[in-house]
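> everything below, folded, please.
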Amino acid sequence: MNQNPNKGPAATPGEGEDATDPRVARREKMSQIEAMGYDPFGSRFDNRDMLGKCIDKASEIKFKTEAGDLIDLPSFDDPDLDYRQWKSDQGPGEEVGPTVRVSGRIMLMRTKGKLIFINIKDWTGSIQLFIGKQQVGEEDFALAKLFDLGDLVGAEGRLGRTNTGELTVFAEKLYFHTKMLDPPPDKHAGLTNVDLRQRMRYADLAFNEGPMETFVNRTKIIKSVRATLDADDFCEVEGPTLHVIAGGAAARPFETHHNALDMPLTMRIALELHLKRLMVGGMERVYELGRVYRNEGLSPRHNPEFTMLEAYQAYGDYETMMDLTERVICNAIETIGGGFKREFAGQEIDFTPPFKRETYADLFQAATGVDAADEAAVTKYAQSLGLETKGKHPDVIRNEIFEEKVEDTLEGPIFVIDYPASICPLTKRKRDNPEIAERFELFICGMELANAYTELNDPDLQQQLFETQLEGLDEEESMAKMDHDFIRALRHAMPPAGGLGIGIDRLVMILTGQKSIRDVILFPVLRPTE
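Presented below is the predicted three-dimensional model:
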């Protein structure tokens, strides 16, 4: 019995409350549970058997014959199995199984006289409880009659099978953990409103099928990413989230202010520049997996607060990072299971390595019929699309066309390689063609998933590029923001290196088949309610 040392007053309908309101009825049951000497908000419950493990223990259930022989149970995958008849065919005997100690949330209840059947769920699985008045006794059976859908309860008993073959815990002792005071969503309609599911993530996880699996898989994917990098001798670090200069990406930052120092700060928009400082210091393989913040709108692919992986490898290049990206993704797929062919956005995506690699220029020409090197033809084509060209750098125009006409056609996974150098101010140029940057972006179903460079480590060129603002490119869209300390760091010699960024939320979206980034972020930024 869970004694409650802090027993409060009995709940009664307040002024204006409807006595038929299910919340009032639940509080009345809570009062009755307290009156029986139980704490309606539970206490420590050690040595639990997780329900997923109970399902694994099903093989330990045997049929014991009158002679004492133990017989394996039949396969319950057989749809034609009549388990009652099978037991009858074995002759006199009984089913025996391990004793388990379980707890979970009540998802379904049905009463048949002196029997109560309950389905409970924890985050590893679900199972049926068989509660018989004769088996648990008068007091526990009276407690069970005060259970409601959504309550958290526990039981000890034998793991076995009902006559219909359903895996069941035949309870011998009951426990009460927590009374749910609000009624759960309708069991048929459920919590279906997308906005409400995200605002009430606790209810979404508790009562909807799918979200728990998605977020557990998210954890597995992140663990796999770390395991892949750790196996390659990368060192995980933590950089600052408050920056003096918002650098390393093209995005508008969130701005804040440090009162004691009376100085403006921004939330970081990328992890890059501090990780490169560490490479200067001698940390040759380094990564951070953390939150970044970009003051941008909401969409199925964008959340202002999101999780980014950035990794840097000394003496590598962008091809090194392509190989690493493939390993990271393929290892994550193997970790969560389901094979390399996966459904996303209504398409089957084949992640079998190696991933396809195509140049920016070739994809541009294939989609538009225009040679990317022909500035006049590119400008004319942009104007035919209704794009503004006056006062814009040719590479800015090219990239606007690429985003409009090419990206959505990229089913992937495909590495788009060799971008125009002028739009990549942190990237090393090709030795035989300085107009081209050694950069790739990985696309899947028209969505950018990863971005990587052969890192620029020439401090003089880096300073020159920081000082250059391309015509027609707004400052908030440019990475050309001067960070004098970063230039000073480069003058202390950063080794040649490859660098990689992967959007973890988008990776989870793709590998779990979710349509919106808000379905893989536990608590996304949401518009205010009216």
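> for the stretch 251-400 of the chain, give me the ranges with low pLDDT.
Residue ranges of the stretch 251-400 of the chain with pLDDT under 70: none are present.
> give me the mean pLDDT for stretch 420-439.
Stretch 420-439 comes out with an average pLDDT of 92.
> ignore what I typed, I meant stretch 40-48.
On average, stretch 40-48 scores 95.
> buried sites along the helix or strand hosting residue 206?
For residue 206, the host element (DSSP states H and E) is helix 201-207. The neighbour-count check on helix 201-207 (16 or more other C-beta atoms under 10 Å) flags 203, 204, 205, 206, 207 as buried. C-beta here means a position set from N, CA and C on the backbone, and glycine is covered the same way.
> contacts for it, please.
105, 107, 150, 184-185, 190-191, 197-198, 211-212, 215, 522-523 (C-beta atoms under 8 Å, 6 or more residues apart in numbering).
> just those residues now: which is nearest residue 443?
Within the contacts of helix 201-207, the smallest distance to residue 443 is 25.4 Å, found for residue 215 (C-beta to C-beta).
> next, that closest one: secondary structure please.
Three-state call for residue 215 (DSSP: H, G, I helix; E, B strand; the rest coil): helix.
> if you drop the residues flanking it in sequence, what lies closest to it?
Counting by C-beta to C-beta, 6 or more residues apart in numbering, residue 522 is the residue found nearest to residue 215 once chain neighbours are left out, at 6.4 Å.
> quick one on the thing from earlier: dump the buried residues of helix 201-207 to CSV, plus distance to residue 81 and pLDDT.
Conversion of the buried residues of helix 201-207 to CSV gives the following (distance: C-beta to C-beta, whole Å; pLDDT from 0 to 100):
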residue, distance to residue 81, pLDDT
203, 37, 93
204, 36, 93
205, 34, 94
206, 33, 93
207, 31, 93
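> need the residue closest to the centroid of this structure.
residue 218 (3.4 Å; C-alpha atoms, centre = their mean).
> so it sits against residue 514, correct?
No - here residue 218 lies out of contact with residue 514, judged by C-beta atoms under 8 Å, at a distance of 9.8 Å.
> what residues do these two have in common as contacts?
What both residue 218 and residue 514 touch, as defined by C-beta under 8 Å, 6+ apart, is the set 508, 520.
> wait, isn't residue 516 in contact with residue 300?
Yes - using C-beta under 8 Å, residue 516 is in contact with residue 300, at 4.2 Å.
> number of nearby residues for residue 506?
21 (other C-beta atoms under 10 Å).
> quick check, it in a helix?
Yes - counting by three-state DSSP, residue 506 is found in a helix.
> tell me the spacing between it and residue 419.
Relative to residue 419, residue 506 is positioned 19 Å away (C-beta to C-beta, to the nearest Å).
> quick one: the closest residue to residue 174 other than its chain neighbours from residue 38, how far?
Take residue 174 and drop its neighbours on the chain: the residue closest to it by C-beta to C-beta, 6+ apart is residue 140, 4.3 Å away. Distance of residue 140 to residue 38, given as C-beta to C-beta: 10 Å.
> where does residue 521 land in three-state SS?
Assigned state for residue 521: coil (three-state reduction, three-state DSSP).
> quick one, grab the pLDDT at residue 11.
Predicted confidence (pLDDT) for residue 11: 46.
> if I look at residue 376, how far off is residue 359?
The gap separating residue 376 from residue 359 is 21 Å, by C-beta to C-beta.
> so where do the strands sit in the stretch 51-200 of the chain?
Using DSSP state E, counting those that start in this stretch, the strands found in the stretch 51-200 of the chain span residues 62-65, 70-72, 93-96, 99-112, 115-122, 125-132, 152-161, 167-178.
> which one of those strands lies nearest to residue 316?
Closest to residue 316 of the strands of the stretch 51-200 of the chain, according to C-beta to C-beta: strand 125-132, at 42.9 Å.
> hmm, who's touching the closest one?
Against strand 125-132 from outside (C-beta under 8 Å, 6+ apart): 50-52, 54-55, 102, 104, 107, 114-120, 140-141, 144, 155, 157, 162, 166-171, 174.
> so what are the sheet partners of that strand and their directions?
strand 115-122 (antiparallel), strand 167-178 (parallel) (DSSP bridges).
> list the buried residues for that strand?
125, 126, 127, 129, 130, 131, 132.
> and the first one, how far is that from residue 57?
According to C-beta to C-beta, residue 125 and residue 57 sit 11 Å apart.
> how about the second one?
Taking C-beta to C-beta as the measure, residue 126 falls 15 Å from residue 57.
> got it, and the third one?
Residue 127 sits 11 Å away from residue 57 when distances are taken as C-beta to C-beta.
> picking up where we left off before, count the residues that sit near the residue nearest to residue 215.
Look at residue 522: counted by other C-beta under 10 Å, it has 14 neighbours.
> and it, its phi and psi?
phi -60, psi -50 (degrees, to the nearest 10).
> ok, residue 140 and residue 38, which is more surrounded?
Neighbour count, other C-beta under 10 Å: between residue 140 and residue 38, residue 38 has more, with 25 against 21.
> roughly how far apart are the more buried one and residue 423?
In terms of C-beta to C-beta, residue 38 sits 66 Å off from residue 423.
> equivalent analysis for residue 267, please.
Residue 267 is 24 Å from residue 423, by C-beta to C-beta.
> which of those two has more neighbours?
Neighbours per residue (other C-beta under 10 Å) separate residue 267 from residue 423, with residue 423 holding more: 22 against 19.
> what residues are up against the more buried one?
395, 396, 399, 437, 470 are the contacts of residue 423 under C-beta under 8 Å, 6+ apart.
> just among these, which is most surrounded?
residue 437 (26 neighbours).
> hang on, that one packs against residue 430?
Yes - contact status for residue 437 versus residue 430: in contact at 7.4 Å, counting by C-beta under 8 Å.
> what do those two both touch?
With C-beta under 8 Å, 6+ apart, residue 437 and residue 430 have common neighbours residue 418.
> ok, and the closest non-adjacent residue to residue 438?
Spatial nearest neighbour of residue 438, chain neighbours left out: residue 454 (3.7 Å); criterion: C-beta to C-beta, 6+ apart.
> strands of the stretch 201-350 of the chain, residue ranges please.
Taking DSSP E, counting those that start in this stretch as the test, the strands found in the stretch 201-350 of the chain are 235-236, 242-243, 255-258, 263-267, 285-293, 305-314, 341-344, 347-350.
> of all these, which lies closest to residue 26?
Short answer: strand 305-314, nearest of the strands of the stretch 201-350 of the chain by C-beta to C-beta, at 35.5 Å.
> only alpha carbons, please: show stretch 338-352 as PDB.
Output of stretch 338-352 as PDB, limited to C-alpha atoms (Å, rounded to 0.1, in the frame of the first residue of the first chain):
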ATOM      1  CA  GLY A 338      14.400  -0.200 -41.800                       C
ATOM      2  CA  GLY A 339      16.900  -0.600 -44.600                       C
ATOM      3  CA  PHE A 340      18.500   1.800 -47.000                       C
ATOM      4  CA  LYS A 341      15.400   2.300 -49.100                       C
ATOM      5  CA  ARG A 342      13.100   4.600 -47.200                       C
ATOM      6  CA  GLU A 343       9.900   6.600 -47.800                       C
ATOM      7  CA  PHE A 344      10.000  10.300 -47.500                       C
ATOM      8  CA  ALA A 345       7.700  13.000 -49.000                       C
ATOM      9  CA  GLY A 346       5.900  10.400 -51.000                       C
ATOM     10  CA  GLN A 347       9.100   9.100 -52.600                       C
ATOM     11  CA  GLU A 348      11.300   6.100 -52.100                       C
ATOM     12  CA  ILE A 349      14.900   7.300 -51.400                       C
ATOM     13  CA  ASP A 350      17.700   4.800 -51.800                       C
ATOM     14  CA  PHE A 351      20.500   5.600 -49.400                       C
ATOM     15  CA  THR A 352      22.700   2.700 -50.500                       C
END
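> thanks again, I'm all set now.
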